[in-house]
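[1] Need the 3D shape of this:
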Amino acid sequence: MRGSRPAWRRGRPRSRKRKQAYTGGEVLLGVVVIVWLVSALMDWLAAHPWVLPLALVTAGAGAFFRFRLRVLEGLQRQAQVQAVRYPMDRLDQLEHRQFEHAIRDLMLRDGCPDAVQVGGAGDNGADVKATDPFGRRWVIQCKHRRAGLAGAAVGTPDLQVLNGTGRPVHKGDVIVLVTNGRFTKPAADFAKSQRLHLVDRHTLAAWAGGSRPLWELLRAVPPPRRPTSLS
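    Now for the predicted structure:
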């Protein structure tokens with residue numbers, strides 16, 4: 001008959017309605033179960049009034065002890081950082097990457113919580129970066145000499161690389177080259193003319209083996225970027 005619809009099409013709306021009815025019934029049943037459970041719980045709590053205060057006290061005590069544990073762990077980590085010391089013979093025995101990590105740890109000790117070791121391929125002359133408590137950005141290049149003072153002196157070419165990237169690329173305020181060895185006279189002259197800071201073996205020994213921050217051991221460090229309780 002023209003205009004009649006196939007049987008499978010005529011049956012589809014009825015199946016959809018049946019499915020919707022099932023879904024609605026399941027939702028209603030779920031609501032009823034939840035209401036019954038809540039009601040039963042309230043009745044049980046009413047019959048046992050001591051349970052709720054006990055649960056609150058237990059939860060509060062647990063939160064207090066977790067907070068106290070986090071505080072103690074934080075104080076322990078802070079004490080470990082502040083206790084960082086490196087004798088020069090230990091620094092001499094390090095590999096170059098380990099030397100970079102030691103310099104990073106010293107900056108952490110000095111109060112630079114964001115100190116990070118970044119040396120590696122494509123580091124653009126920076127091995128360690130940090131922000132001191134006065135808001136100054138430090139960019140540090142490390143040159144490790146296994147032979148210490150007897151090793152090759154750090155020369156001008158290394159400083160030229162650092163000078164070319166320290167401020168323009170890394171946005172540093174204090175640009176430093178640190179070594180457990182020594183610098184050539186031309187390197188020292190170049191550093192002075194370009195406002196670069198050199199940390200030779202003598203200065204490194206005072207810094208790594210003591211408790212004074214590096215900015216107290218260097219001359220002509222830029223002024224603080226922002227006032228702090230330390231300024």
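
[2] For the rest of this, base every contact and every neighbour count on C-alpha atoms.
    Fine.

[3] what does the domain assignment say about this protein?
    Domain ranges of the chain: 7-81, 87-216, per automatic domain parsing.

[4] can you list those in JSON lines and add mean pLDDT and distance to Pro224?
    Output for the domains of the chain, formatted as JSON lines (pLDDT from 0 to 100; distance: least, CA to CA, whole Å):
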{"stretch": "domain 7-81", "mean pLDDT": "69", "distance to Pro224": "23"}
{"stretch": "domain 87-216", "mean pLDDT": "95", "distance to Pro224": "5"}
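
[5] winner for burial among these?
    domain 87-216 (a mean of 19; mean count of other CA atoms under 10 Å).

[6] Serialize the domains of the chain to TSV and add fields for distance to Pro222.
    Listed next are the domains of the chain as TSV, based on distance: least, CA to CA, whole Å:
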stretch	distance to Pro222
domain 7-81	25
domain 87-216	7
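
[7] Strands of this protein, start to end?
    Remark: strands assigned in the chain by DSSP state E are 116-117, 128-131, 137-143, 174-179, 197-199.

[8] Tyr86: which of the ones you listed is closest?
    Among those, the nearest to Tyr86 by CA to CA is strand 174-179 (13.7 Å).

[9] picking that back up, redo the strands of the chain as TSV? Include distance to Arg104.
    Compiled in TSV, the strands of the chain are given as follows (distance: least, CA to CA, whole Å):
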stretch	distance to Arg104
strand 116-117	6
strand 128-131	6
strand 137-143	9
strand 174-179	12
strand 197-199	14
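
[10] Show the contacting residues for the residue nearest to the spatial centre of the chain.
    Central residue of the chain (CA atoms, centre = their mean): Asp114, 5.9 Å from the mean position. Asp114 makes contact with 108, 129-131, according to CA atoms under 8 Å, 6 or more residues apart in numbering.
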